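>>> Need a 3D model of the following:
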Amino acid sequence: MEIRPLAALRTADDLSLAFNPYGLGGRMGPEDAAEFQQRQIADCDLAAGVATGTRDSFERLRTVFAYGVLCYDVYTVVGDHALLIYEQALRDRFMEWCAGTITFRVSQAADVSCTVTSYDDVKKRADSMTRRRAKLVVGTDAIEFNGTLHGLRRWARTAGLLRGRRSRAVEEALAKLRNHVAHPSGHHVDTPVGAARTVRDLAELINQLWGQATPDGRLYPAPLHREIAVLSWNTSGRTRMEPAGALTAPDSLDDQEDDEYQHLVVRAVPFIPGSRWNDEHWAEFDTRYETTRFPTEYLWGPGTRAEARAWLDHERPGGDSVDFTDRIFLVQDHERLLPPMRPAVAAGLPDAERIGVWHAVRADFPDDAFAHVRGSGDRSTGHARRPGDCPACSAEILGSGTHDEALRAAAAALGPIQAVRLPSVRLPSSLLWPDRP
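Now for the predicted structure:
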């Protein structure tokens, strides 16, 4: 091994300098590179209640990450160690959750409760009970649990500590990467971008385990703010979306032009230029079907601009926040596959429209639910047809059958469903939902 002098150890790694805010290209100065790289994870703060062991391990990652400017290999070390902290966080959270006692359900015998003081105790008890084919009691459920990362992930999902259907796939990917790091079969090199992404994902997962969603998060985003908006369209198919305040302000539109338009008042995620949360399908809004990316709530309409203004002045509705993950949709298959519905809307359908096969699906987005049901019709796609998580996509099957059977499956997950009946109104259709009736 070459012994390098301190001056050389203090010299910036030329490879690290190649990463700049615009990607790869012109090299940054050492001072600028050091600040730029640290800022990539500077806002990854953990929630106040996170266990001390997990917090200390995570903060060590952030400290070491800064030295990647001096040694490019540090980024690989940080990315790899972050994956190991994934399991540590789950273990620490499990110990808080069980509060010193874990209970196993044994077939044809009374439940067995065990006292544990460390995760080593948990692992020993889990190994022993697994041989007896016992299952860990988590609330009203009982799950297979062997104390490994796989069991911890299943426990966290069952306990409701982790959420989102698409994030489940990322958790699976992180678990596979962790196993690769723990049991390596070759040499690999990570980049500053990859290491920072892993650290950020880890911070989101840790915070979610301790009950804090991440504003603008990639895996476990905080609820989105919705505002009152007006959707308008005319006979030629032109559509527009404007905040309710623009409607109540003095008219800036030509009255004769506006006479051609119909107006709906909705509660929707506002369109913010450059935001990752913009709903690109707002113009697909349909009172019956879930055709927008994020939940859009019908409030009033359709009607004229003057009528919409009068309703807004009288009702004065306000905005709210909405969690778009883990939504439940009902998808009807009758002669053709129809777009997803909210269970409350499906419950309010007249008897004549309840025919066909219905599927209750949990997904983050309506197109995920639709794609799963469409794919499940072809066995070669790998989509599951029985209740449970689909191995081929980000959906969970709750049940299928008649309208009433699917509605009961949805109610088992949601609780009592209050039927709603809305006027059948949709904005001009597009190619997104070509089979919409």
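>>> Could you use CA atoms for every contact and neighbour count after this?
Will do.
>>> chain center to the helix or strand containing residue 75: distance?
Counting by DSSP states H and E, the element that carries residue 75 is helix 73-98. Relative to its chain's centre, helix 73-98 lies at 21 Å (C-alpha atoms, centre = their mean, to the nearest Å).
>>> Let me know the average pLDDT across it.
The pLDDT scores in helix 73-98 average 97.
>>> Please apply the same query to stretch 34-51.
Stretch 34-51 shows a mean pLDDT of 95.
>>> Assign the most centrally placed residue in the chain to helix, strand or coil.
Using C-alpha atoms, centre = their mean, the residue of the chain that lies closest to the mean C-alpha position is residue 164, 3.8 Å off. Counting by DSSP: H, G, I helix; E, B strand; the rest coil, the backbone at residue 164 sits in coil.
>>> Which residues are in contact with it?
219-220, 325-326, 363-364 (C-alpha atoms under 8 Å, 6 or more residues apart in numbering).
>>> Next: residue 359.
Residues counted as contacts of residue 359 (C-alpha under 8 Å, 6+ apart) are 330-332, 373, 397-401, 406.
>>> mind checking which helix or strand the nearest residue to it once chain neighbours are set aside is in?
Spatial nearest neighbour of residue 359, excluding adjacent residues (C-alpha to C-alpha, 6 or more residues apart in numbering): residue 400 at 4.4 Å. Residue 400 is part of strand 396-401, with elements assigned from DSSP H and E.
>>> With just CA atoms, put that strand into PDB.
C-alpha atoms of strand 396-401 as PDB (Å, rounded to 0.1, in the frame of the first residue of the first chain):
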ATOM      1  CA  GLU A 396     -52.900  -5.200  -4.300                       C
ATOM      2  CA  ILE A 397     -55.900  -7.300  -5.100                       C
ATOM      3  CA  LEU A 398     -58.600  -7.100  -2.500                       C
ATOM      4  CA  GLY A 399     -61.300  -9.200  -4.300                       C
ATOM      5  CA  SER A 400     -63.200  -9.900  -7.500                       C
ATOM      6  CA  GLY A 401     -66.600 -11.000  -8.400                       C
END
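>>> Neighbouring strands - and their directions - for that strand?
Strand 396-401 sits in its sheet next to strand 357-363 (antiparallel), strand 388-389 (antiparallel), going by DSSP bridges.
>>> For those, give me TSV that also has distance to residue 118.
As requested, the strands paired with strand 396-401 are exported to TSV (distance: least, C-alpha to C-alpha, whole Å):
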stretch	distance to residue 118
strand 357-363	35
strand 388-389	31
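>>> Which one, of those, ends up nearest to residue 45?
When the strands paired with strand 396-401 are compared by C-alpha to C-alpha, strand 357-363 sits nearest residue 45, at 28.4 Å.
>>> Show me how far that closest one is from its chain's centre.
Taking C-alpha atoms, centre = their mean, one finds strand 357-363 lying 18 Å from the centre of the chain it belongs to.
>>> With stretch 217-228 instead?
10 Å.
>>> Show me what counts as buried in that stretch.
Within stretch 217-228, the residues that count as buried by 16 or more other C-alpha atoms under 10 Å are 219-224, 226-228.
>>> Out of those, name the ones that lie in strands.
Residues of these located in strands (DSSP state E): 224, 226-228.
>>> which among the residues you listed gets closest to residue 412?
residue 224 (25.9 Å).
>>> Residue 319 is in contact with the closest one, correct?
No - if you go by C-alpha atoms under 8 Å, residue 224 and residue 319 don't touch, sitting 10.6 Å apart.
>>> which residues touch the strand holding residue 400?
Contact partners of strand 396-401, identified using C-alpha under 8 Å, 6+ apart, comprise 165, 357-363, 384-390, 405-406, 409-410.
>>> now swap in stretch 72-87 and tell me
Contacts for stretch 72-87 (C-alpha under 8 Å, 6+ apart): 13, 15-16, 54, 57-58, 61, 64-65, 67-68, 149, 174-175, 177-178, 181-182, 188-192, 194-196, 198-199, 202, 206.
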